[in-house]
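# Sequence first, then the predicted structure:
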Amino acid sequence: MFKKNEPKIEVGDKFVKIDDPKTIWVVAGKGSSVAPVPHYQVVRQGYESRLRTLSEQVLLDTDYYRRVG
């Protein structure tokens, strides 16, 4: 029997973009469930109107983002 993989990213996780380490992005929820790769909605901390949808692959790629806090 196969074991379900635990999510690598959860709501509330925080990330910074490598080229902009002062801006914190907080995972607000899951994005599109249609794509084969999981996507997440992230909001800029302090500016919740700034919303992005990013793939799990991009958020976990240390060339682009780094998990903080």
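Cool, the structure landed.

# What about the closest residue to residue 13 other than its chain neighbours, how many residues nearby?
Using CB to CB, 6 or more residues apart in numbering and skipping residues adjacent in sequence, the residue nearest residue 13 is residue 27, 4.6 Å away. The C-beta positions use only the backbone N, C-alpha and C, and glycine is treated the same way. Neighbour count of residue 27, defined by other CB atoms under 10 Å: 19.

# How about residue 69?
Residue 69 has 10 nearby residues by other CB under 10 Å.

# Can you give me the pLDDT of the residue lying closest to it once chain neighbours are set aside?
In space, residue 69 comes closest to residue 14 once its chain neighbours are excluded; the distance is 4.7 Å by CB to CB, 6+ apart. Per-residue pLDDT puts residue 14 at 98.

# Then residue 69?
If you check residue 69, the pLDDT there is 80.

# before we move on, back to that, can you tell me how far the residue nearest to residue 13 sits from residue 52?
To residue 52, residue 27 is 11 Å away according to CB to CB, to the nearest Å.

# Quick check: neighbours of the top strand by length along the chain in the sheet, parallel or antiparallel?
Ranked by residue count under DSSP state E, the longest strand found in the chain is strand 20-30. Applying DSSP bridges, strand 20-30 is found paired with strand 14-17 (antiparallel), strand 39-44 (antiparallel).

# what's the weakest-modelled helix or strand in the chain?
Of all helical and strand segments in the chain, the minimum by mean pLDDT, DSSP states H and E falls on strand 47-55, at a mean of 92.

# List the buried residues for the helix or strand following it?
Going down the chain from strand 47-55, the next helix or strand is helix 56-59, by DSSP states H and E. For helix 56-59, the neighbour count (16 or more other CB atoms under 10 Å) marks 56, 59 as buried.

# follow-up on the earlier one: compare the strands paired with strand 20-30 and give me the one nearest residue 62.
Distance to residue 62, taken as CB to CB, is lowest for strand 14-17 among these, at 10.5 Å.

# Quick check: buried residues in the closest one?
Residues of strand 14-17 classed as buried: 15, 16 (neighbour count, 16+ other CB under 10 Å).
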